[in-house]
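J.: I would like the atomic coordinates for the input below:
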Amino acid sequence: MAKKFAIIASKGTLDGGYPPFILASTAAALGYEVKIFFTFYGLQLLRKDLNPKVSPLGNPAMPMPIPVPSIIQVIPGLEWFATWMMKRKLKQKGVASIEELREICIDSGVELIACQMTVDLFDFKQTDFIDGITSGGAATFLEFSSEADTTLYI
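T.: Now for the predicted structure:
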């Protein structure tokens, strides 16, 4: 019987999008049965028009080329710069994009579950999302996660 790995993805930022897809694809490659439940802002990671950003605001651990005081982080354009810098660094290091990791997860049999309550809350349509996902509520996910060997909230 395969081990079960459950992930709750609640962040839709560039830096928040990598952990669930990296962990899920790795677990699937190791033979785990994997399900990711995308809720609230994490639901953004399932959209067709994926364009996640990273913000230095409230992210003191983000390495910057020069120290940036918190008050400066609210300046317009700094989020764009931080996103550009992160995407550039990921590309330089040969790290797969979130879109690529998401596709690897689908191809590996990871079940991507869109939280139906969040879909309704934010007035999303099924056409907003990529193919290959399922919808479900908290009860659907809890049934799986209650039997999982590992459950993570990211």
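
J.: my read: residue 36 touches residue 108, true?
T.: No: the criterion here is C-beta atoms under 8 Å, and residue 36 misses it with residue 108 at 11.7 Å. Where C-beta positions appear, they are placed from N, C-alpha and C, glycine not excepted.

J.: pick out whichever of these two has more residues nearby.
T.: residue 36 (27 against 15; other C-beta atoms under 10 Å).

J.: identify the bridge partners of the more buried one.
T.: residue 7, residue 112 (DSSP bridges).

J.: OK, contacts around it?
T.: The contact partners of residue 36, by C-beta atoms under 8 Å, 6 or more residues apart in numbering, come to 6-9, 20-21, 24, 105, 110-113.

J.: look up how far residue 83 lies from residue 92.
T.: 15 Å (C-beta to C-beta, to the nearest Å).

J.: show me which of the two is the more surrounded one.
T.: Legend: neighbour count by other C-beta under 10 Å for residue 92 and residue 83, higher for residue 83 (19 against 8).

J.: mind listing what's buried along the least confident helix or strand in the chain by mean pLDDT?
T.: Lowest on mean pLDDT, DSSP states H and E among the helices and strands of the chain sits helix 78-92, with a mean of 88. Across helix 78-92, burial judged by 16 or more other C-beta atoms under 10 Å covers 78-79, 82-83, 85-87.

J.: show the buried residues in the contacts of residue 36.
T.: Buried, going by 16+ other C-beta under 10 Å: 6-9, 20-21, 24, 105, 110-113, out of the contacts of residue 36.

J.: which one among these gets closest to residue 142?
T.: residue 6 (9.1 Å; C-beta to C-beta).

J.: which residues touch the closest one?
T.: 34-37, 141, 144-145, 148, 150-152.

J.: confidence score at it?
T.: Residue 6 is assigned 98 on the pLDDT scale.

J.: distance of it from residue 129?
T.: Residue 6 is 20 Å from residue 129, by C-beta to C-beta.

J.: okay then, goodbye and thanks.
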